[in-house]
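Engineer: Compute the structure for the input listed below.
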Amino acid sequence: MACALIGVAGCVQAAVGTFLVTRFCARERKARPEAGLPPVTILKPLHGDEPLLEEALESFCTLNYPRFQIVFGVQRANDPAIALVERLRDRHPDIDMTLVVNGAMHGENRKVSNLINMLPQASHEILVVSDSDIHVGPDYLNQVVTALTKAGVGLVTTLYAGLPATNTLPRLLSACQINHNFLPGVLLSRYLGRQDCLGATMALTKTTLGEVGGFEALVSHVADDAVLGRLVRARGEEIGIAGCMTWTTIGEKTFSDLLNHELRWGRTVRALAPGGYLASSIQLPLFWLTVAFLLQPHAAWPLSLFLCGWAFRAVCAFIMDRTVGQRSLLPLVLLPFRDWLSAAIMAGSMTGTRVDWRGHTMHVTPHIPPPSTPVTPMATSLSPGERRVS
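Structural biologist: Numbering: from 1, shown residues only. Purely as a prediction, here's the structure:
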């Protein structure tokens, strides 16, 4: 009975989350560019080629914003992303683009080391840090800057949905995790008062960045976005959410890639907030309803409840997918498998600390110091590992 109740509660949460996401997207307003908006520097750390990388970066070159600079950064002179940046320069000669090639390492987090190397080339006070696999709409910067200029806001982030590079099964299942669980969960937790910083966008001023210790304060952490959010919150400032949706490329080619990526994510979240991570199991209603059926296989009601839960969850998932632009119907058929896969990944996340991230193997520790205390290393380098597919 307990499993059945958790499953029903999970279905209710799915409905609430779906409502919040659809309401958020319906309220998106097209911000008009204004001459008085401050100039912005976008920091784009790159590492090799990725599926849809050119399309993602192209979306930042077509922003409807009066004045902005894009600083790209790589750590190897033979990085294939360099050729892509050169093509973007040729196509958009009017955009201020800078490419930084610098292999200096300042700590264990290579992305943050890349950002440290890039920062001296940033021309403007407002900084927007965005991962390489993020796709945006033309009004992205207008929405981000508008949110950042509100009183009391020290950092702005954006919601993001999953965009499969192709409709292969691993990529569709990965998009399910983001669109059906992560995205509505973020909005629901926001509604309940929690403020998280998401790596899709980290927008703040150089002044704020310097006052929280600069990128150097993040370089030993796997979850650099979460740490930055905590440092800003410790100053008494809020983390705002821009009124626009962004999309992250889902590039996993194999189930092994999918498992490695989600285990990394799970172990990182568990290290940040173990209680909240355990509580998030309520987002797997079909797993709990299946367990309820397996515990009472001869009773009729558990099977009926499971089938009703599946249908209800499929309706929520269908609405969510259409809201964020996902069109494939295959994930709706695989919802029970997706929940069981998520449950297995959650169990695996509880017993390990290893993460493979951008060709580097690291360990996450189960604790991040409170924001009021000096930041100490959260991750230690082990040895070169497999490249993470994000």
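Engineer: make it CA atoms for all contacts and neighbour counts henceforth
Structural biologist: Will do.
Engineer: confidence score at Leu192?
Structural biologist: Model confidence at Leu192, expressed as pLDDT, equals 87.
Engineer: hmm, who's touching stretch 192-201?
Structural biologist: 128-131, 134, 155-160, 189-190, 225-226, 228-229, 238-240, 246, 248 (Cα atoms under 8 Å, 6 or more residues apart in numbering).
Engineer: Can you show me the strands along this structure?
Structural biologist: For the chain, the strands defined by DSSP state E cover 40-45, 68-74, 96-101, 126-129, 134-135, 153-164, 202-205, 238-250, 354-357, 360-364, 379-384.
Engineer: Of all the ones you listed, which one comes closest to Val333?
Structural biologist: Closest approach to Val333 among these (Cα to Cα): strand 153-164, 17.3 Å.
Engineer: Any chance you could list what contacts the closest one?
Structural biologist: Contacts of strand 153-164 (Cα under 8 Å, 6+ apart): 144, 147-148, 171-172, 174-176, 178-179, 183, 197-205, 208, 229, 232, 237-251, 324, 326.
Engineer: Got a ChimeraX select line for the buried ones in those?
Structural biologist: Buried residues among the contacts of strand 153-164 (16 or more other Cα atoms under 10 Å), as a ChimeraX selection:
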select :144,147,148,171,172,174,175,176,178,179,183,197,198,199,200,201,202,203,204,205,208,229,232,237,238,239,240,241,242,243,244,245,246,247,248,249,250,251,324,326
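Engineer: Which of the helices and strands in this protein ranks last by mean pLDDT?
Structural biologist: Ranking every helix and strand in the chain by mean pLDDT, DSSP states H and E puts strand 379-384 at the bottom, with a mean of 31.
Engineer: What is the burial count for the residue lying closest to Thr290 once chain neighbours are set aside?
Structural biologist: Excluding the flanking residues, the one nearest Thr290 by Cα to Cα, 6 or more residues apart in numbering is Phe306, at 6.4 Å. Neighbourhood size, Phe306 [other Cα atoms under 10 Å]: 24.
Engineer: Next up, the contacts around Glu50.
Structural biologist: Counted by Cα under 8 Å, 6+ apart, Glu50 has contacts Asp133, Gly251.
Engineer: Now do it against Ser174, distance only.
Structural biologist: 16 Å (Cα to Cα, to the nearest Å).
Engineer: cool, Ser130 as well?
Structural biologist: 20 Å.
Engineer: before we move on, back to that, how close does the residue nearest to Thr290 sit to Leu335?
Structural biologist: From Phe306 to Leu335 the distance is 12 Å (Cα to Cα).
Engineer: Now do the shared contacts for those two.
Structural biologist: Common neighbours of Phe306 and Leu335 (Cα under 8 Å, 6+ apart) are Leu286.
Engineer: in the stretch 1-150 of the chain, which segments are predicted with low confidence?
Structural biologist: 28-35 (pLDDT under 70).
Engineer: where do the helices sit along it?
Structural biologist: 2-26, 53-61, 81-91, 110-118, 140-148 (DSSP state H, counting those that start in this stretch).
Engineer: Name the residues that touch stretch 130-141?
Structural biologist: 30-32, 42-46, 50, 52-53, 55-57, 59-60, 62-65, 199-202, 244-249, 390.
Engineer: how about a cut-off of 6 Å?
Structural biologist: Lys44, Leu46, Ala56, Ser59, Leu63, Asn64, Ala200, Thr201, Thr246, Trp247, Thr248, Thr249 (Cα atoms under 6 Å, 6 or more residues apart in numbering).
Engineer: Stretch 275-292 too?
Structural biologist: Counting by Cα under 6 Å, 6+ apart, Cys3, Ala4, Gly7, Gly10, Cys11, Arg270, Phe306, Pro336, Asp339, Trp340 sit against stretch 275-292.
Engineer: got the buried residues for that stretch?
Structural biologist: Neighbour-count burial for stretch 275-292 [16+ other Cα under 10 Å]: 277, 281-292.
Engineer: Same check on stretch 70-88?
Structural biologist: So, applying 16+ other Cα under 10 Å, buried residues of stretch 70-88: Ile70, Val71, Phe72, Gly73, Val74, Gln75, Arg76, Ala81, Ile82, Leu84, Val85, Leu88.
Engineer: what number of residues lie near Asn167?
Structural biologist: Asn167: 16 neighbours (other Cα under 10 Å).
Engineer: now His124
Structural biologist: If we define neighbours as other Cα under 10 Å, then His124 has 15 of them.
Engineer: can you check Ile126 too?
Structural biologist: 22.
Engineer: any idea which residue of this protein is furthest from its center?
Structural biologist: His298 (42.4 Å; Cα atoms, centre = their mean).
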